[in-house]
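Q: How does the following fold in three dimensions:
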Amino acid sequence: MLEDLDLHSITDARARELVRQLLNLLEAVMADLRAAQAENQRLCDEINRHKGEQGRPTIHPNTPPPPLKDHSSEQERRTPKTWTKGCKTERIRIDREQVAQVDPDRLPSDAEFKGYEDVVVQDVLFRTDNVLFHKEKFYSPSQHQTYLASLPPSYHGQFGPGIRSLALVFYYGARMSEPKVAELLRSVGVQISDGQVSNMLIKDHTVFHAEKAALYQAGLASSPWQHLDDTSTRGNGQNGYCHIVCNPLYTAYFTTATKDRLTIIDVLTNHRPRRFLINAEALGCLEAFGLSVVRRQQLVQGLGETIDDATMHVLLDTHLPGLGPQQRKWILDATAVAAYHAELEWPVVRLLVCDDAPQFTVVTEELALCWVHEGRHYKKLTPYFPHHRALVEAFGQRFWTYYDQLLAYRERPTPEEAARLAGEFETLFSTITGYDALDERIAKTRTKKGCLLMVLTHPEIPLHNNPAELGARARVRKRDVSFGPRTREGATAWDTFMTLAETATKLGVSFYHYIQDRVSGTYQMPALADLIEERAKVLNLGASWNTS
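A: Sure thing, here's the model as predicted:
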């Protein structure tokens, strides 16, 4: 009976409302029941593990459900392609040529030479290239000094540039584990210990750290908008976070212990010394946060120039004694944001494309929320009654139809279409379905109108945060293989080389050749920062800002 229930068929208004309330009440009861069952199963599994047994396995159905139209991040990342087999011979660099001869014994007496038929075969060599250097040594009796020849610039210590380059590419580019890198090198005859491999991967990389800083600055300057996301990571057994900042030209990684608003500003400024500024913007932000008028008036005494971290804390202790931790956090956040917006020596991000995590708010002048993240909230609704499931499915189709209209608008933006879409947003997210959980979710989406419709003002920005999620996925895959760095130096190396690897891929640069070029000291390949600056001029990622 419930499967065929249609509330509109109930003619009595009071009865219809009563049934609607009962259905919603039962939905709440079923949701609590599912949560209790899941928690009970989790506790049972934990008890079994303590007893040395295993928890309940996850068994997937034999037949997957039929595929539906999906706007998830995974589906967004797939670009439909028509497969055609192209000729790749022209793109293959020829390293050497060799004549394949016909055995003379096979040829008849009247065989005539008709030239050659070319065949290109690709291959690589992976072997040792151990060099015994005979360093010339001279002695000058008059100077009482010995003169000893130096090794070629690319050779330092026991291992040449080839081994050092491959170790970095295997570990960071191919995401191999450290023991497997050592095992592979030893398999071809390299005499190397695990400790030497570890040092090779994380130590003495000042040049690469400088290149990361340069490309990050160039990436921030290439566009007034950036993607931002984070994922959990562990360092030396402690939980932390990896922040991913990116746009179409680069991807940068930053590992931190926290992910509050001050940390976000640290990331966006590449961990430059913290600065704070008490001005009208900061006071307005504090009013929005809810700081009392008395406290704001006390803070006015500190109006002035930008100050450093130590001075700011002294000012708070002197002029605002007895601050609670939340009030102190508000003040530090607001004044740090004001100082960031007033920055003149570093590119300031004007718009972030991200999810609706609270630490991302206020940091930039404008905020664009990810539609795919918003759509996931609706996917999480798991109603018990078929009538409610039908309501969720119907609204989901309307949600993604509207999303498709926004995609079309990005291709051909006009003021008239922007006005129409803004009005349609109000209509769509004012819908009342009668299913309370869905109606609450719709109302929450409506409150985010300005951030979700930022694309109407800036049609060059994406509607989703998938690029940052792809960057986070790369860190997750590395984390799955290597767990996490054990030192601060190791975390910095992870961030630097993953930044270089992901950025090189976006720019169409061979990560292997780039690393080999830098390790060998030839520097024939252009810096990634220079490539970003060149591409930014062509792509013009800040179109609407440039024309405003």
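Q: Neighbours of the residue nearest to Arg441 when sequence neighbours are not counted, how many?
A: Residue nearest to Arg441 in three dimensions, not counting chain neighbours: His377, with 5.6 Å by C-beta to C-beta, 6 or more residues apart in numbering. For glycine as for every other residue, the C-beta is placed from the backbone atoms N, C-alpha and C. Counted by other C-beta atoms under 10 Å, the residues lying close to His377 total 13.
Q: you'd agree His377 is in a helix?
A: Yes: His377 forms part of a helix when assessed by DSSP: H, G, I helix; E, B strand; the rest coil.
Q: Enumerate every residue touching it.
A: Each residue near His377 by C-beta atoms under 8 Å, 6 or more residues apart in numbering is listed here: Arg441, Lys444, Thr445.
Q: Check Asn239 too.
A: By C-beta under 8 Å, 6+ apart, Asn239 lies in contact with Ser232.
Q: Kindly report the same for the one 4 residues further on.
A: In this structure, His243 makes contact with Leu228, Asp229, Asp230, Tyr253, Phe254, Thr255, Thr256, Lys259, Thr263, Ile264, Val267, judged by C-beta under 8 Å, 6+ apart.
Q: That one falls within a strand, correct?
A: Yes: using three-state DSSP, the secondary structure at His243 is a strand.
Q: Quick check: it vs Glu393, distance?
A: Here His243 is placed at a distance of 36 Å from Glu393 (C-beta to C-beta, to the nearest Å).
Q: related to what we said a few turns ago, what is the nearest of the contacts of His377 to Leu249?
A: The shortest distance between Leu249 and any of the contacts of His377, using C-beta to C-beta, involves Thr445 and amounts to 31.2 Å.
Q: Helix or strand: which one has the closest one?
A: Using DSSP states H and E, Thr445 sits within helix 436-446.
Q: Same question for Asn40.
A: With the criterion set as DSSP H and E, the secondary-structure element containing Asn40 is helix 13-50.
Q: Could you list the low-confidence segments of the stretch 51-200 of the chain?
A: 51-87 (pLDDT under 70).
Q: hang on, the earlier thing: and the residue nearest to Arg441, how far is that from Tyr155?
A: With distances defined as C-beta to C-beta, the gap from His377 to Tyr155 amounts to 57 Å.
Q: quick one: low-confidence ranges for the chain?
A: For the chain, the stretches with pLDDT under 70 are 1-9, 50-87, 543, 546-548.
Q: try 80 this time
A: Judged against pLDDT under 80, the low-scoring parts of the chain cover residues 1-34, 37-38, 41-91, 301-302, 304, 542-548.
Q: Let me know the outermost residue of it.
A: Distance from the C-alpha centroid of the chain, by C-alpha atoms, centre = their mean, peaks at Ser109 (68.7 Å).
Q: can I assume that residue sits in a helix?
A: No: under three-state DSSP, Ser109 falls outside any helix and is assigned coil.
Q: Ramachandran angles for it?
A: Torsion angles at Ser109 (phi, psi; degrees, to the nearest 10) stand at phi -70, psi -30.
Q: And for Ser140?
A: The phi/psi pair for Ser140 (degrees, to the nearest 10) reads phi -110, psi 110.
Q: what's the neighbour count on it?
A: By the other C-beta under 10 Å criterion, the neighbourhood of Ser140 contains 9 residues.
Q: same question, Gln98
A: Burial of Gln98 is recorded as 6 neighbouring residues (other C-beta under 10 Å).
Q: what do you get for Thr361?
A: Applying other C-beta under 10 Å, we find 17 residues neighbouring Thr361.
Q: And it, how close does it get to Cys354?
A: Looking at Thr361 against Cys354, where the rule is C-beta to C-beta, the gap reads 10 Å.
Q: Quick one: neighbours of Pro321, just the number.
A: Using other C-beta under 10 Å, the number of residues around Pro321 comes to 8.
Q: Distance of it relative to Gln298?
A: Noted for Pro321: a distance of 9 Å to Gln298, by C-beta to C-beta.
Q: Tell me who's in contact with Val353.
A: Applying C-beta under 8 Å, 6+ apart to Val353 gives the contacts Trp225, Gln226, His227, Leu228, Ala368, Cys370, Ile461, Pro462, His464, Asn465, Ala468.
Q: and these as JSON lines, adding distance to Leu132 and neighbour count?
A: Below are the contacts of Val353 laid out as JSON lines (distance: C-beta to C-beta, whole Å; neighbours: other C-beta atoms under 10 Å):
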{"residue": "Trp225", "distance to Leu132": "55", "neighbour count": "22"}
{"residue": "Gln226", "distance to Leu132": "51", "neighbour count": "26"}
{"residue": "His227", "distance to Leu132": "51", "neighbour count": "26"}
{"residue": "Leu228", "distance to Leu132": "52", "neighbour count": "24"}
{"residue": "Ala368", "distance to Leu132": "60", "neighbour count": "25"}
{"residue": "Cys370", "distance to Leu132": "58", "neighbour count": "24"}
{"residue": "Ile461", "distance to Leu132": "58", "neighbour count": "25"}
{"residue": "Pro462", "distance to Leu132": "56", "neighbour count": "20"}
{"residue": "His464", "distance to Leu132": "57", "neighbour count": "25"}
{"residue": "Asn465", "distance to Leu132": "54", "neighbour count": "26"}
{"residue": "Ala468", "distance to Leu132": "49", "neighbour count": "26"}
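Q: correct me, but His205 touches Ala493?
A: Yes: here His205 lies in contact with Ala493, judged by C-beta atoms under 8 Å, at a distance of 6.1 Å.
Q: hmm, back to that, drop anything exposed from the contacts of His377.
A: Neighbour-count burial (16 or more other C-beta atoms under 10 Å) is assigned, among the contacts of His377, to Arg441, Thr445.
Q: between the contacts of His377, which is nearest Ala280?
A: Nearest to Ala280 among the contacts of His377 is Lys444, at 31.3 Å by C-beta to C-beta.
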